[in-house]
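S.K.: My questions are about this predicted structure, shown below with the sequence.
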Amino acid sequence: MNRLIASVIALLLCCNTAWGQPGTSSMVTISAARVGQSLLLALEIPAPLATVPGDTLAERLGTLAGMLKDVARVLIVPEAAGCRRLGGQIIVHTKPGAGPSPGISAGWEFECATPDALGALEISLFSSLQVQSIQAVVFPNQQIIITPDDPYLPL
């Protein structure tokens with residue numbers, strides 16, 4: 001469990017640079033890294049994009065965080081890879097200040113029996129969020145824009 005938390009936090013810290021910088025765009029970002037048999041995923045959703053029911057920002061972010069507990073609402077891992085989820089964490093940021101801007105940070109770790117079968121992940125997040133695109137970063141050096149018309153993240 002400690003390895004999971006350390007891995008997810010490390011990935012979130014690497015991917016969370018845009019939130020701390022003024023003037024950056026508000027985009028949903030998914031980051032992925034394959035390390036041996038592990039698949040590490042991080043998700044950043046800025047608060048203005050939390051377009052789910054709720055009267056207050058905290059309610060909307062809480063509703064969205066509850067939905068994200070079901071990782072299938074975010075992405076679908078190819079069955080052939082034989083991946084099992086080791087754990088995950090969802091953090092809701094509601095107060096602006098010295099830390100991250102309001103929004104959601106989430107991370108998951110999977111262990112895959114056949115990691116070579118991880119050709120692409122299907123991003124199912126478009127059904128929960130009303131966004132036209134999602135920025136994706138695949139470590140070590142790939143960046144792509146994912147759209148509802150082509151909702152796949154090649155690994």
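M.R.: Cool, got the structure. Since the model is a prediction, treat every value here as computed from it, not as a measurement.
S.K.: Please tell me how far the residue of the chain most remote from its centre sits from residue 45.
M.R.: In the chain, residue 55 marks the outermost C-alpha relative to the chain mean, sitting 24.3 Å out by C-alpha atoms, centre = their mean. Distance, residue 55 to residue 45, using C-beta to C-beta, to the nearest Å: 19 Å. In this view, the C-beta of every residue, glycine as well, is placed from N, C-alpha and C.
S.K.: Give the closest residue to residue 69 in space, chain neighbours not counted.
M.R.: Of all residues not flanking residue 69 in the chain, residue 90 sits nearest, at 6.7 Å (C-beta to C-beta, 6 or more residues apart in numbering).
S.K.: Residue 63 versus the one you found, what's the distance?
M.R.: 12 Å.
S.K.: and what of residue 142?
M.R.: Residue 142 is 32 Å from residue 63, by C-beta to C-beta.
S.K.: So between the two, which is more surrounded?
M.R.: Set side by side, residue 142 and residue 63 show more neighbours around residue 63, with 15 against 12, by other C-beta atoms under 10 Å.
S.K.: The residue nearest to residue 132 when sequence neighbours are not counted: what's it in contact with?
M.R.: Among residues not flanking residue 132 along the chain, residue 147 sits closest, at 6.9 Å (C-beta to C-beta, 6+ apart). Residue 147 makes contacts with 132, 133, 134, as judged by C-beta atoms under 8 Å, 6 or more residues apart in numbering.
S.K.: So in terms of bridging, what pairs with residue 147?
M.R.: Note on residue 147: beta-bridge partners by DSSP bridges are residue 150.
S.K.: any idea which helix or strand carries the residue farthest from the centre of the chain?
M.R.: Under the criterion DSSP states H and E, no helix or strand holds residue 55.
S.K.: quick one: which of the contacts of residue 147 is nearest to residue 115?
M.R.: residue 134 (22.8 Å; C-beta to C-beta).
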